[in-house]
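>>> Provide a 3D model corresponding to the input given below.
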Amino acid sequence: MELGEYVRGLPRGERQKFREKLAMAHGCSVSLVRKWENWPPPLEWDEAKVQRMSRRHPADLSSIRITETETQGMVTRMDMRPECWSDE
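Residues are numbered from 1 along each chain as shown. Predicted coordinates for the structure are as follows:
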């Protein structure tokens, strides 16, 4: 499951709390977490909007583990960085 899909599946009142908790765990801003939610970006976004609104989740294992833990394993390393992690 992608991070954005996970967040959209939370009750509306819990989404911002989750973003804040994840940002604190990563030591980053809520704005950056929201950008991770927009990866992969929608096909209709032009390159400028992708640059502004979307970022890939960090690939280092410690960051991956934080997000896996905070999402109770619903968002996995294969979902966040399939080019780095495989099922094999």
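>>> What average pLDDT does the lengthiest helix in the chain get?
In terms of residue count, the longest helix belonging to the chain (DSSP state H) is helix 12-26. Confidence over helix 12-26 (mean pLDDT, whole number) is 97.
>>> Mind listing what's buried along that helix?
Using 16 or more other C-beta atoms under 10 Å as the test for burial, helix 12-26 gives Arg15, Phe18, Arg19, Leu22, Ala23, His26. All C-beta atoms are positioned from the backbone trio N, CA, C, and that covers glycine.
>>> Check the offset of that helix from the chain's centre.
When C-alpha coordinates are averaged (C-alpha atoms, centre = their mean, to the nearest Å), helix 12-26 and its chain have centres 11 Å apart.
>>> Next secondary structure after that helix?
Next in sequence after helix 12-26, counting helices and strands by DSSP states H and E, comes helix 30-37.
>>> I'd like to check the angle between that next one and helix 12-26, please.
Taking axes from the mean of the first three to the mean of the last three C-alpha atoms, to 10 degrees, one finds helix 30-37 and helix 12-26 inclined to each other by 100 degrees.
>>> Residues touching the longest helix of the chain, excluding its own?
With C-beta atoms under 8 Å, 6 or more residues apart in numbering as the contact definition, helix 12-26 has outside contacts at 7-8, 10, 29-30, 32-34, 58, 63, 66-67, 69-70.
>>> Among the buried residues of helix 12-26, find me the one that's closest to Thr76.
If you rank the buried residues of helix 12-26 by distance to Thr76 using C-beta to C-beta, Leu22 comes first, at 15.0 Å.
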